[in-house]
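Engineer: Please find the sequence and the predicted model below.
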Amino acid sequence: MSRFFLLSSMAIALAGALSSCSSESNLLPESERTSTTFHIGLNTQSRAAQSLNLANYDAKMYLYEGRDNDDGTVGYSQVRELELTDNYLTVEDLNTKTSYKAVFLAVPKGQTPKLPDLYSADIVPSYKEATTGYINGNEDETDKHIFRSILSFVASANTGTQSTVLTRQNGALEVRIKNIPDMQSVKLQVKGHTTMYIHDGTGGQVVTNGEPIVLSKTITDGLGASEVRVKINLLPQENITDVAGTDNYLEITTSVGTTKYPIKSDHSTIPIYPNQITWLTLGNGSGNFDVSFSGNINIEDEEWGGWIDNF
């Protein structure tokens, strides 16, 4: 019995040693490891990008490493998550000749929901599965912003410093009301998404997740102006047209009564684009809206000029 126990112990020790040697042999030598530095900017305007000001924004980097799947495709698994404390970030100990995706997210300082803690989850989501909250799901969350950039690169000794610029991923719907007298209140209601994937689909897209919820804004001040505007920030949508006015509508109350205008137009769709305002103006007498887009968002509309005018 004792001899069997001794031999078993030796076998276990030997197996452990072999396992340790095997594990160590899988480690890349120093010559096959490298680092890269990111310079991070933020574009809140249509003008040139500025350095990311971390006094005004909370920001994180999520780093994903490419790995071959059994079907020959490449999947990306999260390997790092870092809160940004400077607009230069150096990441050490990268595997050379390996594909990476670095996702940068930022929101205005103190905005909720906060940027997600993905790497601390019990099951860390892959690049394709990971999401971030845009709003908590309350009806009055109409002024939120979220910024993102994604860098794809292959690590090498010559990677050096890479520059990336975060851009606004949400858009907005703004209704312009002209020359309606004696308004007492104006209410804009539209459904919007609460969550987006951190990946960008086939490139440059905002891919939302889950069912949209009702967002609503009512204004009662400044209604005597020749033009009155009411705006709700939204994650992008292909079409917010609602001919029946069940979910998406404008409601104007005057001394005469209340009139409801469904969000519809003579266009086939009314889309919401990233970093643009979709302008609706009461138009041709049919109750439809005229549709236009902001183009260079912060030059055309000063409400989105500067870094954070609305907060």
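Structural biologist: On my side now, so go ahead.

Engineer: only C-alpha atoms for contact and neighbour calcs from this point on.
Structural biologist: Fine.

Engineer: right, and residue 36 touches residue 95 too?
Structural biologist: No: the pair residue 36 / residue 95 is not scored as a contact, 10.9 Å apart, by C-alpha atoms under 8 Å.

Engineer: overlap in contacts of those two?
Structural biologist: residue 155 (C-alpha atoms under 8 Å, 6 or more residues apart in numbering).

Engineer: Name the residue in these two with the higher neighbour count.
Structural biologist: residue 95 (22 against 18; other C-alpha atoms under 10 Å).

Engineer: quick one: contacts for the nearest residue to the more buried one once chain neighbours are set aside?
Structural biologist: Counting by C-alpha to C-alpha, 6 or more residues apart in numbering, residue 33 is the residue found nearest to residue 95 once chain neighbours are left out, at 4.9 Å. For residue 33, the contact set (C-alpha under 8 Å, 6+ apart) comprises 93, 94, 95, 96, 156, 157.

Engineer: redo that, cut-off 7 Å
Structural biologist: Taking C-alpha atoms under 7 Å, 6 or more residues apart in numbering, we find residue 33 in contact with 93, 94, 95, 96.

Engineer: Secondary structure of the first one: a strand, I assume?
Structural biologist: Yes: with the criterion set as DSSP: H, G, I helix; E, B strand; the rest coil, the secondary structure at residue 93 is a strand.

Engineer: quick revisit: separation between the residue nearest to residue 95 and residue 166?
Structural biologist: 28 Å (C-alpha to C-alpha, to the nearest Å).

Engineer: got it, and residue 200?
Structural biologist: 13 Å.

Engineer: Excluding chain neighbours, give the residue nearest to residue 154 in space.
Structural biologist: Nearest to residue 154 is residue 99, by C-alpha to C-alpha, 6+ apart, at 4.4 Å.

Engineer: just for the protein, where's the confidence low?
Structural biologist: Along the chain, the parts satisfying pLDDT under 70 run over 1-31, 45-48, 283-287, 294-311.

Engineer: ok, now with 90
Structural biologist: 1-32, 43-51, 68-74, 158-160, 178-181, 226, 265-268, 281-311 (pLDDT under 90).

Engineer: show me where it has helices.
Structural biologist: The residue ranges that make up the helices of the chain, judged by DSSP state H, are 2-25, 297-300.

Engineer: Count the neighbours of residue 176 for me.
Structural biologist: 15.

Engineer: State the distance from the closest residue to residue 66 other than its chain neighbours to residue 34.
Structural biologist: The shortest distance from residue 66 to any non-neighbouring residue, by C-alpha to C-alpha, 6+ apart, is to residue 76 (4.4 Å). Using C-alpha to C-alpha, residue 76 is found at 19 Å from residue 34.

Engineer: Repeat that for residue 274.
Structural biologist: Taking C-alpha to C-alpha, one finds residue 274 at 35 Å from residue 34.

Engineer: Please apply the same query to residue 193.
Structural biologist: Distance, residue 193 to residue 34, by C-alpha to C-alpha: 40 Å.

Engineer: Residue 222 too?
Structural biologist: Taken as C-alpha to C-alpha, the span from residue 222 to residue 34 is 58 Å.
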